[in-house]
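> make a model of this:
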Amino acid sequence: MTKPKCERIVLPALRGVMGCWVYYSCLMNLKELAQRVRYAEEVHNNKHLSDMIQRQLTRGRSALIAAYLDSQEERFFNSLVVATYGGQPNWHALTDIKSKDSEEELSNLQDETIASVGFLTLQGDENLFALDGQHRLAGIKKAIKDGLDQDPFDEVSVIFVAHEKTKKGLERTRRLFTTLNKTARPVSKGDIIALDEDDVMAISVRRLIEQTKLFHGSKVAFVASNNMPASNTVAMTTIGNLYDVLTIVFTNAKTELKKTKADLQRSRPNDEALEAYFSLAKEYFECLGKYVPEAREFFSTENTEEIVKKYRGNHGGSAIYRPIGLEIFTRIVAKLTHDMTLNEAVKLAAKLPRTLSKAPYVNLMWDSSNKTISNSHNVTLREILLYMVGASKMTEATLTERYQRETGNDLAKLPAKII
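The predicted structure follows:
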């Protein structure tokens, strides 16, 4: 790849030392970053390994990050880490600092402290490549290529470290690359639900809990996964399952609000759209309470313990009191909305069986011997339930073969259709 010719620039910077690394924390605008900084192919002499890093990026999130830069007023990035070799980058430390407002507060600074503040000059012939923040760099490059409309361009924090193009230098830089990327942990689902101000499902889940009586108080388990604690006898489902259910409603149900999950997670809609999503979430669960008796019992009372014990326990109970059962029920409703309203879809789906100890749940979702839930046959169970309402994509012969094979019963017959 031919490196574009760049002019000399001066970057405000701080100089620091950590372990064996001397680093320079600078401010750099997006356009300069896109033009000067390359991906991490420099950490490998082997072209195939370098190409592998590039391929990971092409499957990445550059388009989403570019859209984020273009549309999110509250955008912010943490620091990118960039290695530099070649050329003549120069550090210019300050020798004196004066405050515009209060000279007294800065009058006793030590020389070492003052010397850590200064400017880094890049002549334009340096080789710069990202060690941490490659997906952000890919998003920045795409945004600039697509004509990002900013004046002035955003400034981001860039930490420069020196790279030596020797065998030992390559090993040292590769170690830093993997350390930075291995220790970067994705935001957990629980954190997203609790804190994310852009994710439409997370915002709607919080509003369901805080602004309605459907899941307030202890009526939902504050567990980010779909594993309901066995000791919980008061909640219908988990907060993580609520998030997944709303994801299905918002992305699969045929409504004017339907969007991809990525679109709903990345960029916060305006207040009017958020209200519409929240209303859709409420409508779904209110329909559930209207047409599904065991849901109505739960939503209509504050003391839910007896109801939950009735519908979830070693005896089995109702499928919708299990996270995977509620998810499958919601997928069926979403499919039905392609031919009817949400209200009509829930009304029809409510006619389907939900007792775990009976067909078609036995040996597909409910292990009657161990009194446990199985997640191994979800597709077959969902398609059988859809078959019962005339909406399965599978033929009757295919479904029968799958049903017999997965339940271990060669004589099993599909349940009767309800319509």
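> any regions of the stretch 1-150 of the chain where pLDDT drops low?
Within the stretch 1-150 of the chain, the stretches with pLDDT under 70 are 1-5, 41-60.
> the strands in this protein, which residues?
Counting by DSSP state E, one finds strands in the chain at the ranges 9-18, 21-29, 37-38, 80-85, 90-93, 117-122, 127-132, 155-162, 220-221, 237-238, 312-313, 316-317, 366-367, 372-373.
> pairing partners for the longest one, with directions?
Listed by DSSP bridges, the sheet partners of strand 9-18 and their directions read strand 21-29 (antiparallel), strand 117-122 (antiparallel).
> now do that strand: distance to the chain's middle.
How far strand 9-18 lies from its chain's middle: 33 Å, per CA atoms, centre = their mean, to the nearest Å.
> before we move on, what about stretch 330-347?
With CA atoms, centre = their mean as the basis, stretch 330-347 stands 26 Å off its chain's centre.
> so what touches stretch 63-79?
Outside stretch 63-79, the residues that touch it by CB atoms under 8 Å, 6 or more residues apart in numbering are 25, 30, 132-133, 135-136, 138-140, 142-143, 146, 148-149, 154, 156-159, 198, 262, 266-268. Heads up, the C-betas are built off the backbone N, CA and C, glycines and all.
> separate out the buried members of these.
Among the contacts of stretch 63-79, those buried by neighbour count (16 or more other CB atoms under 10 Å) are 25, 30, 132-133, 136, 138-140, 142-143, 148, 154, 156-159, 198, 266-268.
> list the ones among these that fall in helices.
Within the buried ones among the contacts of stretch 63-79, residues falling in helices by DSSP state H are Leu30, Arg136, Ala138, Gly139, Ile140, Lys142, Ala143, Arg266.
> nearest to Asp101 among those?
Nearest to Asp101 out of those is Leu30 (CB to CB; 30.5 Å).
> ok, that closest one touching Leu148?
Yes - counting by CB atoms under 8 Å, Leu30 touches Leu148, with 6.9 Å between them.
> buried stuff in stretch 7-15?
Across stretch 7-15, burial judged by 16+ other CB under 10 Å covers Ile9, Leu11, Ala13, Arg15.
> which one of the residues you listed is nearest to Glu344?
Leu11 (61.5 Å).
> leaving out chain neighbours, which residue sits closest to that closest one?
Of all residues not flanking Leu11 in the chain, Cys26 sits nearest, at 4.0 Å (CB to CB, 6 or more residues apart in numbering).
> and what of Asp410?
Gln404 (5.3 Å).
> give me the pLDDT value at the one you found.
pLDDT, Gln404: 97.
> and the strands of the chain, which is most packed in?
Comparing those by mean neighbour count (mean count of other CB atoms under 10 Å), strand 237-238 ranks first with a mean of 24.
> of the strands of the chain, which is nearest Ile419?
strand 366-367 (24.4 Å).
> the stretch 301-419 of the chain: helices as residue ranges?
305-311, 323-336, 342-349, 378-388, 396-407 (DSSP state H, counting those that start in this stretch).
> how about the ones you listed, which one is nearest Glu297?
The nearest among the helices of the stretch 301-419 of the chain, by CB to CB, is helix 305-311 at 5.0 Å.
> nearest residue to Leu14 in space, please, no chain neighbours.
Per CB to CB, 6+ apart, closest to Leu14 is Ser25, 4.6 Å.
> so what's that neighbour up against?
Neighbour list for Ser25: Ala13, Leu14, Gly16, Ser79, Ser157, Val158, Ile159, Phe160 [criterion: CB under 8 Å, 6+ apart].
> specify the beta-bridge partners of it.
Leu14, Ile159.
> still on that earlier bit, closest to Lys351 among the buried residues of stretch 7-15?
Each of the buried residues of stretch 7-15 was scored against Lys351 by CB to CB, and Leu11 proved nearest at 67.1 Å.
> my read is that that closest one contacts Phe119, right?
Yes - contact criterion CB under 8 Å: Leu11 and Phe119 qualify, at 6.5 Å.
> find the nearest non-adjacent residue to Leu280, please.
The shortest distance from Leu280 to any non-neighbouring residue, by CB to CB, 6+ apart, is to Leu257 (5.9 Å).
> my read: that neighbour touches Tyr277, true?
Yes - judged on CB under 8 Å, Leu257 makes contact with Tyr277 at a distance of 5.9 Å.
> quickly list what's touching both of those two.
Phe250.
> circling back to that earlier point, among the strands of the chain, which comes closest to Leu336?
Across those, closest to Leu336 is strand 237-238 (CB to CB), at 20.9 Å.
> now do the phi/psi pair for Asn314.
phi -60, psi -20 (degrees, to the nearest 10).
> for Pro269, same thing?
Recorded main-chain torsions at Pro269 are phi -70, psi 170, according to degrees, to the nearest 10.
> and it, what does it touch?
Pro269 neighbours (CB under 8 Å, 6+ apart): Val200, Tyr277.
> distance of it from Lys417?
From Pro269 over to Lys417 the distance is 39 Å, taken as CB to CB, to the nearest Å.
> test my guess that Tyr139 contacts Leu80.
That one is not Tyr; residue 139 is Gly. No - in this structure Gly139 lies outside contact range of Leu80 using CB under 8 Å: 11.2 Å.
> related to what we said a few turns ago, okay if I get the strands paired with strand 9-18 as a markdown table plus distance to Leu342?
A markdown table is the format used below for the strands paired with strand 9-18 (distance: least, CB to CB, whole Å):
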| stretch | distance to Leu342 |
| --- | --- |
| strand 21-29 | 47 |
| strand 117-122 | 57 |
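> and those: which comes nearest Ile203?
Of all these, strand 21-29 sits nearest to Ile203, with 31.7 Å by CB to CB.
> chain center to that closest one: distance?
What separates the centre of strand 21-29 from the centre of its chain is 29 Å, taken as CA atoms, centre = their mean.
> okay, the angle between that strand and strand 80-85?
Between strand 21-29 and strand 80-85, the angle comes out at 110 degrees (axes from the mean of the first three to the mean of the last three CA atoms, to 10 degrees).
> alright, that wraps it up for me.
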